[in-house]
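Visitor: below is the structure, and that's it, no one-letter string:
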C-alpha cells in the first residue's frame, strides 16, 4: 500500500503545482460545481438535438 500512497502523493503534488487553485477546497468545490453545471447543460442541449426534430429545424433556419 505504501507504493500506491507514494504515487498518489506525487500525483497530488504535481497537480498542486500546475493548478494551484485545486489545493484550496473552496475553490475546488466551486470549480467542480461549475464544471458539473456546464456538463449538465451540454447534455441537455445534446439530448434536444438528438431527439427533437423540430428544435433541429428551427436551429438551422434561425441560428440565433
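Guide: Perfect, thanks for sending it. Just so you know, these numbers come straight off a predicted model, no measurement behind them.
Visitor: from here on, just use CA atoms for contacts and neighbour counts.
Guide: Fine.
Visitor: the most centrally placed residue in the chain: helix or strand, and which one exactly?
Guide: For the chain, the residue nearest the mean C-alpha position is residue 35 (3.6 Å; Cα atoms, centre = their mean). In this structure, residue 35 sits in helix 25-51 according to DSSP states H and E.
Visitor: and the next element down the chain from that helix?
Guide: helix 53-61.
Visitor: so in the chain, where's the weakest helix or strand by average pLDDT?
Guide: Lowest mean confidence among the helices and strands of the chain (mean pLDDT, DSSP states H and E): helix 2-18, at a mean of 69.
Visitor: roughly how far is the helix holding residue 35 from the heart of the chain?
Guide: 6 Å (Cα atoms, centre = their mean, to the nearest Å).
Visitor: what does stretch 49-57 give?
Guide: 25 Å.
Visitor: can you check stretch 48-61 too?
Guide: With Cα atoms, centre = their mean as the basis, stretch 48-61 stands 25 Å off its chain's centre.
Visitor: what residues does it touch?
Guide: Residues from elsewhere that reach stretch 48-61, judged by Cα atoms under 8 Å, 6 or more residues apart in numbering: none at all.
Visitor: go again using 10 Å as the cut-off
Guide: Under the criterion Cα atoms under 10 Å, 6 or more residues apart in numbering, residues 42, 43, 44, 46, 62, 63, 64 lie in contact with stretch 48-61.
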